[in-house]
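K.L.:
Just need the structure, nothing else, for what follows:
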Amino acid sequence: MIQLKQMTDEELVVAYAEGNNIAFSILLDRHKSNIYSYIYFIVRNREMAEDIFQETFVKAITTIKQGRYTENGKFRAWINRIAHNLIIDNYRQEKNEQTISKDECEIDLFNNSKLSDGTIEDEIVKKQVLSDVKKLINYLPDNQKEVVILRYYQDLSFKEIADITGVSINTALGRMRYAVLNMRRLAGEKNMILTMD
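P.N.:
Below you'll find the model as predicted:
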C-alpha cells in the first residue's frame, strides 16, 4: 500500500488497468477534492456537483478499463477535461429541457414591450448597462476577456474563436462560462444592475 501511494498518477493508471483496484482508490483520494471543488464552483448546486463528480470517475474507470486512456503524464488535466465536458453536457441538457415550443404560448402583439419602440429612459439604461459591462470586462483574466470581445463585440462563432485563439471549442465555451460567472460576481460586488427591464 505504501508503495502504491508513492507511485505517480500514470503508474497508478497502469496498475489499475492491470487489475489493481487499490491503485484507482489512491487516484480517487488524490484528486477528488480538486475535481469536486472545480465542479461545484461552476454548477453551484451540491446535488448536481455530486452527480457530475460520480459520472466523471465512472467515465474515467470505463476509459481506463477499455484501454483507451492515452494521456501519458496528464492524468489530472484529463480527469478535469472529463468533468468540464460533463458540466457542459449537463447545461445543454438543462437548456433543452427548459425550451418550450412557440406553439404552446400565445403572444400578445399589442402589449409586448420587446416589439415596441424604446423610451428615452430605456436608451439611457441600456447605455449605462453597456458601459458597466465594458468596465467589468476589463477585470477579467486576458483569456476570458478575449473570448467575450470576440463573441459579443466582433460577433464571431465559438468555432471561429477557437480557431483564432488556438484552443478547442469546449475551451472557448468554458472561458465564456467563467467570464459570465466572474462578471456576475463582480457586478454583485460593485452593486451594478445589469438588466435592461
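K.L.:
Now residue 72. Its backbone dihedrals?
P.N.:
phi -60, psi 120 (degrees, to the nearest 10).
K.L.:
residue contacts, residue 15?
P.N.:
4, 7, 23 (CB atoms under 8 Å, 6 or more residues apart in numbering). Any C-beta I mention is one placed from the backbone N, CA and C, and that applies to glycine too.
K.L.:
Also residue 151?
P.N.:
Per CB under 8 Å, 6+ apart, neighbours of residue 151: 158, 161, 176.
K.L.:
what about the first one, how many residues close to it?
P.N.:
Burial of residue 158, expressed as a neighbour count using other CB atoms under 10 Å, amounts to 18.
K.L.:
Got the confidence number for it?
P.N.:
At residue 158, the pLDDT value in this model is 85.
K.L.:
Next: the second one.
P.N.:
Note on residue 161: pLDDT of 82.
K.L.:
That one: which element?
P.N.:
Following DSSP states H and E, one finds residue 161 within helix 158-165.
K.L.:
domains for the protein, by residue range?
P.N.:
2-98, 111-189 (automatic domain parsing).
K.L.:
next SSE after the helix or strand of the chain with the lowest mean pLDDT?
P.N.:
Lowest mean confidence among the helices and strands of the chain (mean pLDDT, DSSP states H and E): helix 120-137, at a mean of 71. Downstream of helix 120-137, the next assigned helix or strand under DSSP H and E is helix 142-148.
K.L.:
What residues of that following helix count as buried?
P.N.:
With burial defined by 16 or more other CB atoms under 10 Å, the residues of helix 142-148 counted as buried are 144, 145, 146, 147, 148.
K.L.:
what stretches of this protein score poorly on pLDDT?
P.N.:
Judged against pLDDT under 70, the low-scoring parts of the chain cover residues 1-2, 96-123, 125-126, 128-130, 154, 192-197.
K.L.:
hmm, try it at 80
P.N.:
1-2, 42, 71-73, 94-134, 149-150, 152-156, 163-164, 190-197 (pLDDT under 80).
K.L.:
residues contacting residue 93?
P.N.:
Residue 93 neighbours (CB under 8 Å, 6+ apart): none.
K.L.:
Residue numbering should commence at 57 henceforth.
P.N.:
Sure thing, new numbering starts at 57, so read that last one as residue 149.
K.L.:
what helix or strand is it on?
P.N.:
Secondary structure (DSSP H and E) places residue 149 in helix 131-154.
K.L.:
just checking, what packs against the helix holding residue 217?
P.N.:
helix 198-204, helix 225-245 (3 or more CB pairs under 8 Å, 6 or more residues apart in numbering; DSSP states H and E).
K.L.:
check contacts around the most centrally placed residue in the chain.
P.N.:
Geometric centre of the chain, nearest residue: residue 230, 4.3 Å, by CA atoms, centre = their mean. Listed by CB under 8 Å, 6+ apart, the contact set of residue 230 reads 140, 144.
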